[in-house]
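Participant: Dropping a prediction and its sequence here:
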Amino acid sequence: METDVIIGLEIHVQLNKLNSKMFCGCSTNYHTDEPNTHTCPVCLGLPGSLPVLNKKAVEYGIRVGLALNCRIEEQTLFYRKNYYYPDLPKGFQISQYDYPLATGGHLLIKGDSGERQIRITRAHMEEDPGRLVHAGTIDKAKYTMVDYNRCGMPLLEVVTEPDLRSPKEARVFLDKLRSILEYLDVFDGNLEGSMRVDANISLAGGDRAEVKNISSHKGVEKALSYEITRQRNLKRRNIKVVQETRHFDELRNITVSIRSKEQAHDYRYYPEADLVSVRVADWVPAIKASLPELPDAKRDRFREHYSMTDDHAKSLTSEIKVANFYEQVARIAQPKLAAVWVADVLKGELNYRGLTVDSFKPDHMAEIVNLLDSGRVTEDAAVQIIRTILDKGGSPGQIVSDLGLTRAGDDTVLRAVREAVAESVAAVEDFRGGNERALNYVVGLVMKKTKGRADPAEVHRLIMEEIEMT
Amino acid sequence: MLAQLKDQLAAGSAEDYLQSLFDKIEHSKLNAFTTLAKESALSRVNEFDRKPWPGLLAGVPIAIKECISTKGIETTCSSRILRGYVPPYDAHVVERLKSEGAIIMGKTNMDEFAMGTSTETSCFGPTRNPWDLDTVPGGSSGGSAAAVAGGEAPCSLGSDTGGSVRCPASFCGVVGLKPTYGLVSRYGLIAYANSLEQIGPLTNTVEDSALLLEIIAGHDWRDSTSAEKGSYLQGLKDGIQGLEVGIPKEYFGEGVDKKVEKAVWDAVSALESLGAAWKEVSLPHTRYALAAYYVIAMSEASSNLARFDGLRYGLRKEIDQDWHTTFAEIRSEGFGPEVKRRVLLGTYALSAGYYGRYYLKALKVRTLIKEDFLRAFKHVDLLAGPTMPIPAFKIGERINDPLSLYLADVFTVPINLAGVPAISLPCGFAGHLPIGLQLIGRHFEEATVLRAAQAYEEAMPFYLKRPEAI
């Protein structure tokens, strides 16, 4: 950790689990549809149209605010943020300014030096602008197309204090935030453009740069790392870092200047008279009561209730889907063993294939854990079952019988051990000479003879016995 | 008159009547209309004649101000920047009129974006006053008032941001009503200053005004600021025995034409003889109203008019350059000088560093003015005064002196700032030009305003005198 690094984030979160947009009835489910097909006079900003507040969006915003330990404003107040841009059909964005929905919260993360509390300045609601599609790169495009499907999507902008101290911490924070948002069921992070980050970064004593509109957590980490190097180099050469807005070029992994402080906007914020204030103070208790168990609480409970390690608990709770999957498995199979197999094995196999836990049936996982628990299959066989299900499909029982994966009987194993020891005179000699690893060869030979149906630890014990005997 | 007209149309030929209006308009010198919806309107009345339908306005033609959206009929706010814009939807009020069987006959001229008191800033050229063709009809709903006064439409809709229905009603000798802010849905009304404006009827008689209000008023879910309606025809003719009328002393004296003052005092005497009592009241902050109004209206206009960039509808240049150049050129060419003046002043008033000095201060004055009215209404049921301090002036006389034009709004803008309802109805003549009496009521007490206006009109039927100039 470099102690002079100061990072604050502004995160635009699309509340994309809502069915309709922020101020009109248009569907939010546009991601696979043609451009400009999810629009109406309101989100196109046609003359004479008026916004109507989606109250469910406010409810979702409150949910997030409460989960981030914020204070919730008693009533809503929206402002107009005025600026001209082709993606903004009204020439202003309806947003919040004074009296944002949520203020003064915090989020705990595992920072570079242990647990750290990152302060949340505010979370405010606004509408998403349309999407610009440049013909080519942003600086060289001949023309730009506008898709207003995204226009009016409900956004929550979460702003942190400058409490983050490294690009890695920024990423950990974002991962944690995403995890919470998915727990709250207000957000699907897999949809394009669902979370976009503006990162402010400075070195102590210097002016800050704002890197705008970074669309992935990895991108944030890279952009910030690049900025630290850039700002350090300037400092070293005694050049002042200027306050400016920069763009992160994901292909080249660099940031480029797009606007200096002198060109900064004056947004002329003023209250939006077309919306009436909605009193939400009375909603808060019920929303608070309905909040689901959040990642930290779930992790503690998993560790205590299922007697698993803290690492396993963390791994199983970082995604709500995985946590739910695990609990379904643990209901029918030995929980501690299930934790090991879901966290260490299944997640790895899924990651390797770019799949999510949706691709695996909890019943199948429970069956596999039960097979292991009762000693009917070996660990190697269990891994083979998981891989087979993922690659070819099928059920554990079927795969066990098709591939003959039932743990070999004692006689078979013993016979294989005797044969293997007899065939490995040199290795056995080496072992006796003090080379412990020489025995691995013999174990491998037994596993081969039993087609992996024996338990390696057991085989190891039998070989030892066999050697002592001869 | 509309009720009788409706019966005549059902018994006779709605098509003949409408055709006679169109013929009159063709040969008219008023320039009250911008677009005639001949084809659609004639085909509708033809249908009506074959098979009449029910409804409060069955078969009755109505003219709609150029800033109220009409599906399929060009709607430009009399601005070059919106030429060619044909709304894909009807304003709420238009839907309501259609559902009561009315026929949309065409659109009426106005000051560009409703910014004016004379209908001289229209891109379609000035509208003339039916009482004197060299005289302005008032504004901004000058076309709607002139059409009714000139017998070219039996009724029309206008919009009133700072007097835009009442001023032309006064200058043209017709009845114009500005409802309580929120009584009529603004959905589809192209905004000039959205916290101030309301759609209102322009008619020959008070009863017609009540009838139109009955149709257009009421809550619309698409306008969050809209409220439930009352009943306006019922009890309309119950008289004003015992009604307490306040005469605001600030509405008389310096700057008020002597003939106007006399006509209004005569009207007060008439009200007294009808059973009402009157007393002087004070609205002490009246002298700050104009300044506050123009700061608020211009600030809101600067934001409301930001959407007109030529990108999606309206004026477009032959050759596009980069975004900022293109939209700046379109706005330079598309907006007239008065619109530019107000957008520039409004932008300035909302700018960082000036917001508190202008906009916020104007809002505080607005509160004081509203309190003036609330205080007065503790002692009286109604306020009476002149609508305009002067009768209609000559075309071209004031257009190059915007300040003197702004000053003419002195008795109409406080009503919009306070949000209360007010009606203007004819109460005499200055030479050959009509004078308007303004009756102002408590919030949502249109019924009282209309009842008093009805009683006065019955006693002093100035509406029976029609202009001779045409």
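Facilitator: Yes, it's here.
Participant: all contacts plus neighbour counts: C-alpha atoms, from now on.
Facilitator: Noted.
Participant: What's the local residue count around the closest residue to B:Asp381 other than its chain neighbours?
Facilitator: In space, and not counting its chain neighbours, B:Asp381 is closest to B:Glu244: 5.2 Å by Cα to Cα, 6 or more residues apart in numbering or on different chains. B:Glu244 has 20 neighbouring residues, counting by other Cα atoms under 10 Å in any protein chain shown.
Participant: OK, contacts around B:Glu244?
Facilitator: Counting by Cα atoms under 8 Å, 6 or more residues apart in numbering or on different chains, B:Glu244 makes contact with B:276-279, B:379-382.
Participant: Filter those down to just the buried residues.
Facilitator: Buried subset of the contacts of B:Glu244 (neighbour count, 16 or more other Cα atoms under 10 Å in any protein chain shown): B:276-278, B:380-382.
Participant: Any chance of the residues you listed in TSV with pLDDT and secondary structure as columns?
Facilitator: Listed next are those as TSV, based on pLDDT from 0 to 100; DSSP: H, G, I helix; E, B strand; the rest coil:
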residue	pLDDT	secondary structure
B:Ala276	98	coil
B:Ala277	98	strand
B:Trp278	97	strand
B:Val380	98	coil
B:Asp381	98	coil
B:Leu382	98	strand
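Participant: For those, give me CSV that also has distance to B:Ser144.
Facilitator: CSV is the format used below for the buried ones among the contacts of B:Glu244 (distance: Cα to Cα, whole Å):
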residue, distance to B:Ser144
B:Ala276, 32
B:Ala277, 34
B:Trp278, 33
B:Val380, 32
B:Asp381, 30
B:Leu382, 27
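Participant: in which helix or strand would I find the residue nearest to B:Ala392 when sequence neighbours are not counted?
Facilitator: If the residues on either side of it in the chain are set aside, B:Ala392 comes closest to B:Phe171, at 5.1 Å by Cα to Cα, 6+ apart. Assigned by DSSP states H and E, B:Phe171 falls within helix B:166-172.
Participant: follow-up on the earlier one: farthest pair within the contacts of B:Glu244?
Facilitator: Taking Cα to Cα, the two most distant members of the contacts of B:Glu244 are B:Ala276 and B:His379; they sit 13.6 Å apart.
Participant: Write out the residues of the stretch 201-350 of chain B neighbouring chain A.
Facilitator: B:221-225, B:303-308, B:311, B:323, B:347, B:350 (Cα under 8 Å from any Cα of the partner chain).
Participant: Pick out the lowest-pLDDT one from those residues.
Facilitator: Within the set of those, pLDDT is lowest for B:Trp323 (85).
Participant: That one: what's its closest spatial neighbour, skipping adjacent residues?
Facilitator: Spatially, and ignoring its direct neighbours in sequence, B:Trp323 is nearest to A:Pro86 (7.6 Å; Cα to Cα, 6+ apart).
Participant: these two touch, right, the one you found and A:Val146?
Facilitator: Yes: using Cα atoms under 8 Å, A:Pro86 is in contact with A:Val146, at 7.4 Å.
Participant: In terms of packing, which of these two has more residues around it?
Facilitator: Ranked by neighbour count (other Cα under 10 Å), A:Pro86 and A:Val146 place A:Pro86 first, with 22 against 17.
Participant: and residue 20, how many neighbours does it have?
Facilitator: Using chain A. For A:Ser20, the neighbour count with other Cα under 10 Å is 19.
Participant: other chain: chain B
Facilitator: By other Cα under 10 Å, the residues close to B:Ser20 number 13.
Participant: what packs against the one helix or strand it maps to?
Facilitator: Taking DSSP H and E as the definition, B:Ser20 sits inside helix B:14-26. With contacts defined as 3 or more Cα pairs under 8 Å, 6 or more residues apart in numbering or on different chains; DSSP states H and E, helix B:14-26 has these neighbours: helix B:38-50.
Participant: which secondary structure elements does the helix it packs on contact?
Facilitator: Helix B:38-50 makes packing contacts with helix B:14-26, strand B:103-108 when contacts are defined by 3+ Cα pairs under 8 Å, 6+ apart.
Participant: Is chain A within reach of the shortest one?
Facilitator: No: counting by Cα under 8 Å from any Cα, no contacts exist between strand B:103-108 and chain A, the nearest distance being 15.6 Å.
Participant: Provide a list of residues in contact with the nearest residue to B:Phe335 once chain neighbours are set aside.
Facilitator: Leaving aside its sequence neighbours, B:Phe335 sits nearest to B:Ile81 (Cα to Cα, 6+ apart; 6.1 Å). Shown in contact with B:Ile81 (Cα under 8 Å, 6+ apart): B:308, B:310, B:314-315, B:330-331, B:333-335.
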